[in-house]
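>>> no FASTA, just this:
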């Protein structure tokens, strides 16, 4: 096959243009090695563009989370600096109190940084979820130790109505489910129970966590999963629920919120879609979709 100098020069100019952001489509449907070369060059350029776009997305996400970390650490760091300044001249009882408070704050700060970095990695698509078949009871074996003290303090219990097998990443799903259960415990009255249920349909497997608190206003649905929106609880920063959603989204799943017909409490439904495309086609009304 004969290729003219003019064609080669034209191709060379287009390739040079790609380095400055030109998006000329050089593909054609002709036969021959030269056409194959042009198609391969175009595919390579588009692949590089996509990689650069993903890299920039990851950088933007990481920068946003680093900004959040910086903002959230300012208050506890300031408090610790003040206590550290007062520590030397304080009486022994006050010194013990200051040291205890500093240790608590350091623990919370460590958890905050770790959690936000985990969320950044998940949202940037940098976490490889290892999905395996596991039952709800197996997941709860790992969740229960993390919530047992809270349950004892509030004289609450967890009741599992059913058990079923679903496909998910055990480590990350335990993290998400723990945060959902903790939220249910914190919003339930003393002496109440937390109901766990599960099942599956043609589209997805699901786990539901129901509390018997005052319920959630529908207007608060979207803000429930916004970082730091609900950070009034002294034991947290308001990122447990957003982390749970990031984990579920990272696995191709989702979290829905439902209000029981009697208006008592709130139900959080973790959905594990059986196919990637199902997440886009699934019904949005959680009460109907279960």
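Thanks, I have it. Just so you know, these numbers come straight off a predicted model, no measurement behind them.
>>> biggest helix in the protein by residues?
As assigned by DSSP state H, the longest helix anywhere in the chain is helix 33-87.
>>> what angle do the helix or strand following that one and helix 33-87 make?
The first helix or strand that comes after helix 33-87 along the chain, using DSSP states H and E, is helix 92-123. If you take axes from the mean of the first three to the mean of the last three Cα atoms, to 10 degrees, helix 92-123 sits at 170 degrees to helix 33-87.
>>> in helix 92-123, what counts as buried?
Judged by neighbour count (16 or more other Cβ atoms under 10 Å), helix 92-123 contains these buried residues: 98, 102, 105, 108-109, 112, 115-116, 118-123. C-beta coordinates here come from the backbone N, C-alpha and C atoms, glycine included.
>>> and which of the residues you listed is nearest to residue 208?
residue 122 (22.5 Å; Cβ to Cβ).
>>> show me what contacts that closest one?
246, 247, 249, 250 (Cβ atoms under 8 Å, 6 or more residues apart in numbering).
>>> show me what whatever helix or strand the third one lives in is packed up against.
So the one you mean is residue 249. Under the criterion of DSSP H and E, residue 249 resides in helix 240-250. If contacts are counted by 3 or more Cβ pairs under 8 Å, 6 or more residues apart in numbering; DSSP states H and E, helix 240-250 sits against helix 92-123, helix 170-186, strand 254-258, strand 267-273.
>>> rank the ones you listed by pLDDT, which is bottom?
For the helices and strands packed on helix 240-250, the weakest mean pLDDT is recorded on helix 92-123, namely a mean of 84.
>>> what angle do that one and helix 240-250 make?
Using the same axes, to 10 degrees: helix 92-123 against helix 240-250 is 20 degrees.
>>> domains of the chain?
1-127, 131-289 (automatic domain parsing).
>>> how much space between residue 209 and residue 87?
Here residue 209 is placed at a distance of 42 Å from residue 87 (Cβ to Cβ, to the nearest Å).
>>> can you check residue 152 too?
In this view, residue 152 and residue 87 are 33 Å apart by Cβ to Cβ.
>>> for residue 271, same thing?
Taking Cβ to Cβ, one finds residue 271 at 50 Å from residue 87.
>>> neighbour count: these two, which is higher?
residue 271 (25 against 13; other Cβ atoms under 10 Å).
>>> give the bridge partners for that one, please.
residue 206, residue 254 (DSSP bridges).
>>> going forward can the numbers begin at 230, since that is how I track them
With the count now opening at 230, the last piece we talked about shows up as residue 500.
>>> contacts only, for the residue nearest the centre of the chain.
Geometric centre of the chain, nearest residue: residue 475, 1.5 Å, by Cα atoms, centre = their mean. Shown in contact with residue 475 (Cβ under 8 Å, 6+ apart): 348, 351, 352.
>>> distance of the last one relative to residue 421?
What it means is residue 352. Residue 352 is 34 Å from residue 421, by Cβ to Cβ.
>>> and the residue nearest to residue 393 when sequence neighbours are not counted, its phi and psi?
Nearest non-adjacent residue to residue 393, counting by Cβ to Cβ, 6 or more residues apart in numbering: residue 427, 4.6 Å away. Backbone torsions for residue 427, taken as degrees, to the nearest 10, come to phi -160, psi 170.
>>> cool, the one 5 residues further on as well?
Dihedral pair for residue 432: phi -100, psi -40, per degrees, to the nearest 10.
>>> where are the low-confidence patches of the protein?
By pLDDT under 70, the low-scoring segments of the chain are 230-232, 283-284, 287, 290, 294, 300-301, 444-467, 491-492, 505-519.
>>> please redo it, this time with the cut-off set to 50
Along the chain, segments meeting pLDDT under 50 span 460-466, 506-519.
>>> and the helix holding residue 478, which residues are buried?
Those buried within helix 469-479 under the rule 16+ other Cβ under 10 Å are 469, 470, 471, 472, 473, 474, 475, 476, 477, 479.
>>> mind checking how far that helix is from the chain centre?
3 Å (Cα atoms, centre = their mean, to the nearest Å).
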